[in-house]
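Undergrad: Give me a model of this one.
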Amino acid sequence: MLHEIADTPGDLAPSEIHDRYLDALATQVDEYGVDSVAEASRVDPAVLRSLLDGEAPELTLEEVASILAVSDDTPDSETIAAIARDELLMGMTTAVLDVEAVESGIEGELEAREIQSKVEGRFPMTLEEFVLLYQYIEGAR
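TA: Next comes the predicted model:
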């Protein structure tokens, strides 16, 4: 799942983590085929083709999870997304960070209220936002 793709995320730049996720998604699309992944994930085939072309489309955490869930040996997309959000919450707990500390640590790129809502799953989170939060929180652990 997401936290397994980028080992030692606190030691990597957010762009490196993001690239690893995009590579994993492209591998998944390549393995199962654009049409099959599009049907199973409900992600636009044009977006999936852009992954194969090495582009970086804007994806939500839920879309990423639905692409990863195409494999038979992974949980469903809702579980993958929930585990990813839980990883953020557990990291904040372990590092003793509240949302204001995270906001400060990511230099205000997201406001504390946004962070709270996105981590709780009440608002959509992009892959870029997930990476930004994940890298900072893991680096603070």
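Undergrad: What's the separation between the closest residue to Gly10 other than its chain neighbours and His18?
TA: Nearest residue to Gly10, sequence neighbours excluded (CB to CB, 6 or more residues apart in numbering): Gly139, at 3.3 Å. Just so you know, the C-beta spots here come from the backbone N, C-alpha and C atoms, and that holds for glycine as well. With distances taken as CB to CB, to the nearest Å, Gly139 is found 15 Å from His18.
Undergrad: More neighbours: those two, which one.
TA: His18 (20 against 16; other CB atoms under 10 Å).
Undergrad: Can you check the pLDDT for the more buried one?
TA: His18 carries a pLDDT value of 94.
Undergrad: Pretty sure it sits against Leu127.
TA: Yes: if you go by CB atoms under 8 Å, His18 and Leu127 touch, sitting 6.8 Å apart.
Undergrad: Can you pull up the most central residue in the chain?
TA: Centroid-nearest residue in the chain: Leu127, 4.3 Å away (criterion: CA atoms, centre = their mean).
Undergrad: Isn't that residue up against Val64?
TA: Yes: between Leu127 and Val64 there is a contact at 5.4 Å, judged by CB under 8 Å.
Undergrad: tell me, what's touching those two both at once?
TA: Common neighbours of Leu127 and Val64, using CB atoms under 8 Å, 6 or more residues apart in numbering, are Tyr21.
Undergrad: just checking, next helix/strand downstream of the lowest-mean-pLDDT helix or strand in the chain?
TA: None of the helices or strands of the chain scores lower by mean pLDDT, DSSP states H and E than helix 2-5, at a mean of 72. Once the chain leaves helix 2-5, the next helix or strand it forms, by DSSP states H and E, is helix 14-32.
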